[in-house]
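Q: Sequence and predicted structure, then a few things I'm wondering about:
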Amino acid sequence: MASTKEYLDYVLDQLSELSDISYRPMMGEYILYYRGKVFGGIYDDRFLVKNVAAARKVMPEAHPELPYDGAKEMLSVTDTDDRALLSRLITGMYDELPAGRKGKRKNNG
């Protein structure tokens, strides 16, 4: 099942307090970037982030999920209505994320 553009738009709106959020469509899903680094994505209309220490600290109750068969586990973001939590989550993760690759990304703003 592919993710809907409506759900992507909702998540991007919830992340709008952060500057430099971008995304790239990939095989019916969406990869999310913060300041050029991949931090998560939208998979089957689920908002998932990389399973790094900072994300586990901000969301200790988060359940690991597979975005697709053969992928590494990611953490499910269930409280998408809390913009302050989302900002804290993404900015906290930034230093733990690998450097981004050069390439085209669609910017939401």
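A: Sure, I can see it.
Q: Let me see the ranges of the helices in this protein.
A: Under the criterion DSSP state H, the chain contains helices at 5-14, 53-58, 83-93.
Q: residues of the first one that come out buried?
A: The one in question is helix 5-14. 7-8, 10-12, 14 (16 or more other Cβ atoms under 10 Å). Bear in mind the C-beta positions are built from the backbone N, C-alpha and C, glycine included.
Q: Repeat that for the last one.
A: Of all the residues in helix 83-93, those buried under the rule 16+ other Cβ under 10 Å are 86, 89-90, 93.
Q: can you pull the contacts of the closest residue to Tyr34 other than its chain neighbours?
A: The shortest distance from Tyr34 to any non-neighbouring residue, by Cβ to Cβ, 6 or more residues apart in numbering, is to Ile90 (5.2 Å). Each residue near Ile90 by Cβ atoms under 8 Å, 6 or more residues apart in numbering is listed here: 15, 18, 21, 34, 39, 49.
Q: Can you lay out these as TSV showing pLDDT, neighbour count and distance to Met27?
A: Below are the contacts of Ile90 laid out as TSV (pLDDT from 0 to 100; neighbours: other Cβ atoms under 10 Å; distance: Cβ to Cβ, whole Å):
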residue	pLDDT	neighbour count	distance to Met27
Leu15	97	21	22
Leu18	96	16	25
Ile21	97	19	21
Tyr34	97	20	21
Phe39	98	25	19
Val49	98	24	19
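Q: Let's see which of those end up in strands.
A: 21, 34, 39, 49 (DSSP state E).
Q: With adjacent residues omitted, what lies nearest to His63?
A: Closest to His63 by Cβ to Cβ, 6+ apart is Ser76, at 5.4 Å.
Q: Please disregard the earlier target; I meant Ala2.
A: Ala2 sits nearest to Gly28 (Cβ to Cβ, 6+ apart), 3.0 Å away.
Q: My guess is that neighbour contacts Ser3. True?
A: Yes. In this structure, Gly28 is within contact of Ser3 by Cβ atoms under 8 Å, at 6.6 Å.
Q: Alright, calling it a day.
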